[in-house]
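Trainee: Using only what follows, build the 3D model:
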Amino acid sequence: VQMLVGLAVLAGMYVLAQSFELYTLSWILRAFLGSFFLLVVVLFQDDIRRVLTRVGRARLFGGDRGARTQVIDEVTRAATELAGRKIGALIVLERDVGLSAFLESGIPVDAEVSWELLLSIFHPQSPMHDGAAIVRNGRLAAAGCFLPLTHDPTVSRSLGSRHRAAIGISEESDAAVVVVSEEQGRISLVHEGEIL
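Mentor: Numbers count the residues shown, from 1 in each chain. Purely as a prediction, here's the structure:
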């Protein structure tokens, strides 16, 4: 909203400069506002990307309700087991906004989601345990994926890199993220940059 107000102020200044015949200021503002479309795309690129990717995409996980419920049950059971053993985990549930760029950073799995598979991925001796597991269309698409950390300065410094990565990916997409803390054995759900 503040950016839109700023652009409106500049447009108003242009109109005033025209009416008071301030040619130099008019020329500068005309050149600046002439690239208005480019400015809007640059300023609102994340929001535009979210809106465009939501158009025509499948609902959460795709498939029927029973398949989605089964995936959620398997993830819940795995998170509970991992929390009981104080093993850290980061499970990303892709929704409308695609996570292809992050999938490429991990190891392709393309398997049915099961709590046993998730336990083996996040076992401390597993080479994929430090990365994130990403669930796409009801299947475990990849594991060991690297996620962007949040840049929000208001996020508590007491949060570790798993929580910061969960917040970061949920700020860039509409994904739901399940985080298991290895220090406290606590399970958190992160969505839209908020720990719920």
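Trainee: Name the SS class of Ala143, please.
Mentor: With DSSP: H, G, I helix; E, B strand; the rest coil as the basis, Ala143 sits in strand.
Trainee: can you tell me which residues contact Leu140?
Mentor: For Leu140, the contact set (C-beta atoms under 8 Å, 6 or more residues apart in numbering) comprises Val109, Asp110, Ala111, Glu112, Val113, Leu117, Leu118, Ala133, Ile134. Yep, even glycine has a C-beta here, placed from its N, CA and C like the rest.
Trainee: which stretch of helix or strand covers it?
Mentor: Using DSSP states H and E, Leu140 sits in strand 139-145.
Trainee: Sketch out the low-pLDDT regions of this structure for me.
Mentor: Filtered on pLDDT under 70, the chain yields the residue ranges 1, 37, 39, 43-44, 46-66.
Trainee: Skipping adjacent residues, who's closest to Ala133 in space?
Mentor: The spatially closest residue to Ala133, leaving aside those adjacent along the chain, is Ala143, at 4.5 Å (C-beta to C-beta, 6 or more residues apart in numbering).
Trainee: Let me see the contact set for the one you found.
Mentor: Gly106, Ile107, Val109, Ile121, Met128, Gly131, Ala132, Ala133, Ile134.
Trainee: Could you measure from it over to Gly160?
Mentor: Per C-beta to C-beta, to the nearest Å, Ala143 is found 19 Å from Gly160.
Trainee: Contacts only, for Phe102.
Mentor: Listed by C-beta under 8 Å, 6+ apart, the contact set of Phe102 reads Val92, Ala132, Ile134, Cys145, Phe146, Leu147, Ile169.
Trainee: and if we set it to 10 Å?
Mentor: Going by C-beta atoms under 10 Å, 6 or more residues apart in numbering, Phe102 touches 92, 94, 131-132, 134, 141-142, 145-148, 169, 172-173, 175.
Trainee: Give me the longest helix you can find in this protein.
Mentor: Across the chain, the longest stretch assigned as helix under DSSP state H is helix 65-84.
Trainee: which is the next helix or strand following it?
Mentor: Per DSSP H and E, the first helix or strand lying C-terminal to helix 65-84 is strand 89-93.
Trainee: Next, the angle from that following strand to strand 139-145.
Mentor: On the basis of axes from the mean of the first three to the mean of the last three C-alpha atoms, to 10 degrees, strand 89-93 is oriented at 140 degrees to strand 139-145.
Trainee: Need the CA coordinates for strand 89-93. PDB is fine.
Mentor: Provided in PDB are the C-alpha atoms of strand 89-93 (Å, rounded to 0.1, in the frame of the first residue of the first chain):
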ATOM      1  CA  ALA A  89      12.800 -32.600  10.700                       C
ATOM      2  CA  LEU A  90      11.500 -30.200   8.100                       C
ATOM      3  CA  ILE A  91       8.600 -31.300   5.900                       C
ATOM      4  CA  VAL A  92       7.200 -29.000   3.300                       C
ATOM      5  CA  LEU A  93       3.700 -29.500   1.900                       C
END
